[in-house]
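1. With the sequence up front, the predicted model follows.
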Amino acid sequence: MIVWARGDDGHVGGYVVEKGTPGFDPRFIAGKTALRCVQNAQISLKDVRVPAENRLAEGHTFRDTEKVLLASRFCVAWESVGAAIAGYETALA
């Protein structure tokens, strides 16, 4: 899983947290009403230590992280537009 966190250098970056990492406890969220193909979890992190080599390449500052988050926000926006259009077309039919 990717976690966005501040590293020892003080900058925010993306880190790969692997299954079985001590202190990492993801709990599957069941019974969602939408986006069931996307797996979500309630994530608990307690005293988790992630090695520096698990930091995403090219993720040195929050500006680098922001590029990834911006791209994902566009996807989320278009998904909601698609759902709204489908709802409208279904209501018309």
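-> Yep, that arrived.
2. And residue 80, how far from residue 65?
-> 23 Å (C-beta to C-beta, to the nearest Å). Every residue, glycine included, has its C-beta placed from N, CA and C.
3. now swap in residue 93 and tell me
-> Note on residue 93: its distance to residue 65, by C-beta to C-beta, is 43 Å.
4. Looking at these two, which one has more neighbours?
-> Summary of the neighbour comparison: residue 93 and residue 65, criterion other C-beta atoms under 10 Å, with residue 65 having more neighbours (18 against 5).
5. Assumed the more buried one was part of a helix.
-> Yes. Remark: residue 65 belongs to a helix, assigned using DSSP: H, G, I helix; E, B strand; the rest coil.
6. Do you know the pLDDT at it?
-> Listed pLDDT for residue 65 reads 78.
7. what's it in contact with, if anything?
-> 4, 12-14, 59 (C-beta atoms under 8 Å, 6 or more residues apart in numbering).
8. Also residue 45?
-> 3, 17, 23-25 are the contacts of residue 45 under C-beta under 8 Å, 6+ apart.
9. Looking at those residues, which is nearest residue 73?
-> residue 3 (18.0 Å; C-beta to C-beta).
10. Would you agree that closest one falls within a strand?
-> Yes. Using three-state DSSP, the assignment for residue 3 is a strand.
11. That one touches residue 13, doesn't it?
-> No. Residue 3 sits out of contact with residue 13 when judged by C-beta atoms under 8 Å, with a separation of 9.6 Å.
12. out of the two, which sits in the busier spot?
-> residue 13 (22 against 15).
13. so the more buried one bridges to which residues?
-> Judged by DSSP bridges, the bridge partners of residue 13 are residue 5.
14. From residue 6, how far off is it?
-> Between residue 13 and residue 6 the distance, using C-beta to C-beta, works out to 8 Å.
15. likewise residue 81?
-> Residue 81 is 33 Å from residue 6, by C-beta to C-beta.
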